[in-house]
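Student: generate coordinates for the sequence data below:
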Amino acid sequence: MRNCRVALVPGVAMFVLAAASAISNAETKAQASEDEQAVWRLERSYWGYVQDNDLTAYRGLWHKDFLGWPSVSASPVGKDHITDWITSQTSKGLVFRSMEFKPAGIHFTGNMAVAYYRITTKWQDKDGKGDARTLRITHTWLKDGKDWRIIGGMSMAEPAPQN
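Tutor: Residues are numbered from 1 along each chain as shown. A predicted model of the protein is given here:
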């Protein structure tokens, strides 16, 4: 009977360790899933704020130390110029429309996430006319406490299809 107990103890210990590891992995996956949902929700909110011309909410998405390179800028910009691309169009009386949002990939490491996606948008005049264009977007998000903020990013126009 003693030999059974000696053999049983390492087996139970291994089972307990495996169960603890599985629970830890499940918790990590659940957190990653929550974070992934949160980042995609913030990306969609980003475009909603542009469409609503809510520059205050839009600015709230950006980390104070942000540096990125929007497709409409000749060089990288900081948070202090992040709304320039919006106001340059709204000052002409144009209205923004978000048409299609297509997530392409997301990667998390520690308190950072990098999201890749395509967005089709249009700046339209009072008659609803305007050309749709599709952009490729990369945003790097930094989790600060419980809040995610964009700390880096880049965009480019989707190339025209090759025939």
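Student: part of a strand, is residue 96?
Tutor: Yes: secondary structure of residue 96 (DSSP: H, G, I helix; E, B strand; the rest coil): part of a strand.
Student: would you mind giving me the confidence score for residue 159?
Tutor: pLDDT for residue 159: 86.
Student: now residue 17
Tutor: Reported pLDDT at residue 17 in the predicted model: 42.
Student: with residue 38 instead?
Tutor: In the predicted model, residue 38 carries a pLDDT score of 96.
Student: distance check, it against residue 135.
Tutor: Distance, residue 38 to residue 135, by CB to CB, to the nearest Å: 22 Å. Placement of C-beta: from N, CA and C, glycine included.
Student: and residue 50, that one's in a strand?
Tutor: No: secondary structure of residue 50 (three-state DSSP): helix, not part of a strand.
Student: so what pairs up with the nearest residue to it once chain neighbours are set aside in the strands?
Tutor: Closest residue to residue 50 in three dimensions, ignoring its sequence neighbours and counting by CB to CB, 6 or more residues apart in numbering: residue 96, at 5.1 Å. For residue 96, the beta-bridge assignment (DSSP bridges) gives partners residue 123.
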